[in-house]
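Undergrad: Below are the sequence and a predicted model; questions follow.
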Amino acid sequence: MHSPRSRALAALVGLLTLGACSSEPLEPGGVTGDASIRVSANVANTPIDLLVVTVSAQDFPFAAVFNLPVENGTASGTIHVPPGADRLFTVEAFDASGDVTHDGAATRDVERGQNPPLTIPLTPRSGQVPLTIVFGDYSVEVSPASAEIDLTGGTTVQLAVTVEDAQGAVVDAPDVRWATSNPARATVSSTGLVTAHLPGDVDIVATFNGIAGVTHVTIVGPVPDTYYADADADGFGDPAVSQSVPTGSPAPDGYVANAGDCDDTDNARHPDGTEIFNGFDDDCDGNIDEGIEVATYVDADDDGFGSATAPVQMVETQPGGFVAPPPGYVTSAGDCNDANAAIHPAALEVLGDGVDNDCDGIIA
C-alpha cells in the first residue's frame, strides 16, 4: 500500500512529465499556437517549490500543462496557449514533498498577440498565506522577493526589478512605477529605494504596463528617530522633507528634530514666530494675520471713519486678518468732525464753504 505522500509525489511526477511533453501545445489540427503569455508569482516565505499551470478548453485534444519552478522566491515563465474562447487556466502550487499548498482557476478568452493581464487568486491549504498569480504580456519580478529591515542597523533597502516579455526577453530600462501599501510604515522612491519608518509588514509593488510585481518587506526593531530638513536654519524643519536614522543616532547635517516649519525658506516664519499684519502665516498655526492687536476708533456720526482724538479700543484680529470692531467703532481713523457725517477723509471738498470737508487740513 502506498502512503498519501508517495501518491502525491507520483501525481507530481505525472504532472512534470505531461508538462515536459506539452511545453509547445498544439491547436486542434496540429498547428503551433502563437499566443505567448508570461506568468509570474511571488511565493517568497512559502514552502512552494513548483507551480503547475494547466490550460484546457473544449476544442483542445488534450490539456496543456506547464511547470514553473521557484527561484529566489519567484515562479515565472512563458506559456504558449492556442487562441480561442473559454480557455480554463488552473494553477496548483506544490511543496517539495509533492503536496498541494494552493490552487485557483479562471476562464478567459485568448487572442493572438497581446492579451490583457489576468490575475488568479490562489486559495491556501491548511494555514498557508493567500497568493496571486499573474498572466500577461510581461512578467515583473522584484528582487529580493522578500526583505527585512532592522531599524537598529539601518532604515533602507534597495530593490531591483526585472521585466521580461512573453518570449522571456528582458526589457531594457523599463518605465516601472513603484508604490507602497503603507506609506506610514515605509515609503519607496522612483528608483526602488525603500525607506522604513515604523516596525511592521509592508508590500512594495512595481508596475509595468498593468502587470505588477511585489516584494514583502518586514521591518523590525525600535521606532527610528526622524529628523527634518531645516534649510533656513531657524531650528524648525520642513515636515515634507524628513530622514529617518537608527534610534539614538545623531541628526544628519542640516536636519533638526522639530518639524512644523510652514516656510523653510524664511527664518522669520516658524512655530515660535510672531504673527504680524503682513498676509503670511508667521507662527505656522495655519492661520494668517490672527491675534494681532489693532486699534478701533469711535464713529459717532456713522460715516465709516472714526475720530482720531477720541480714546481708541484695541481688538485682536481674527484668522485672515479680519477685524470685528465693537459696536460704534470702525478701523479707519482720520475723521476731523465726528459730529457731521458729511465730513470725513473720503468726502468731496466744497469750494467756498469755509469747511475742511475731506479732512486733509486744507479749506478750499
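TA: That came in fine, so what should we check first? Residues are numbered from 1 along each chain as shown.
Undergrad: Please count neighbours and contacts with C-alpha atoms only from this point.
TA: OK.
Undergrad: element containing the residue nearest to Asp263 when sequence neighbours are not counted, please.
TA: Nearest residue to Asp263, sequence neighbours excluded (CA to CA, 6 or more residues apart in numbering): Arg269, at 6.2 Å. Of the helices and strands defined by DSSP states H and E, none includes Arg269.
Undergrad: I'd like to know how many residues surround Arg269.
TA: By other CA atoms under 10 Å, the residues close to Arg269 number 22.
Undergrad: Please apply the same query to Gly248.
TA: A count of nearby residues for Gly248, using other CA under 10 Å, gives 9.
Undergrad: Use 540 as the first number for this chain going forward.
TA: OK, 540 is where the count begins now, so the last one is Gly787.
Undergrad: and the gap between Ala574 and Tyr677?
TA: 13 Å (CA to CA, to the nearest Å).
Undergrad: higher neighbour count, the two?
TA: In this view Ala574 and Tyr677 are compared by other CA under 10 Å, and Tyr677 has more residues nearby, 30 against 20.
Undergrad: So what sits opposite the more buried one in the bridge?
TA: Beta-bridge partners of Tyr677, counted by DSSP bridges, are Asp704.
Undergrad: try the one 5 residues further on
TA: Note on Ser682: beta-bridge partners by DSSP bridges are Ala699.
Undergrad: same question, Gln857
TA: Beta bridges link Gln857 to Phe861, judged by DSSP bridges.
Undergrad: which residues does it contact?
TA: 828-830, 863 (CA atoms under 8 Å, 6 or more residues apart in numbering).
Undergrad: got the CA coordinates for the one helix or strand Val630 maps to in PDB?
TA: Under the criterion of DSSP H and E, Val630 resides in strand 623-634. Listed next in PDB are the C-alpha coordinates belonging to strand 623-634 (Å, rounded to 0.1, in the frame of the first residue of the first chain):
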ATOM      1  CA  GLY A 623      -9.700  30.900 -28.700                       C
ATOM      2  CA  ALA A 624     -12.600  31.300 -26.400                       C
ATOM      3  CA  ASP A 625     -13.100  29.900 -22.800                       C
ATOM      4  CA  ARG A 626      -9.600  28.800 -22.000                       C
ATOM      5  CA  LEU A 627      -9.600  27.400 -18.500                       C
ATOM      6  CA  PHE A 628      -6.400  28.200 -16.500                       C
ATOM      7  CA  THR A 629      -5.900  26.100 -13.500                       C
ATOM      8  CA  VAL A 630      -3.000  26.600 -11.100                       C
ATOM      9  CA  GLU A 631      -1.700  24.300  -8.400                       C
ATOM     10  CA  ALA A 632       1.200  25.000  -6.100                       C
ATOM     11  CA  PHE A 633       3.300  22.100  -4.800                       C
ATOM     12  CA  ASP A 634       5.800  21.900  -2.000                       C
END
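Undergrad: Give me the sheet partners of it and which way each runs.
TA: Looking at strand 623-634 with DSSP bridges, its partner strands are strand 587-595 (antiparallel), strand 639-649 (antiparallel).
Undergrad: isn't Pro785 right next to Thr691, touching?
TA: Yes - in terms of CA atoms under 8 Å, Pro785 counts as a neighbour of Thr691; the distance is 5.3 Å.
Undergrad: what residues are shared contacts of these two?
TA: Pro763.
Undergrad: Tell me the confidence at the residue nearest to Asp802?
TA: Confidence at Arg808, expressed as pLDDT, is 95.
Undergrad: Pro864 should be in a strand, yeah?
TA: No - counting by DSSP: H, G, I helix; E, B strand; the rest coil, Pro864 falls outside a strand, being coil.
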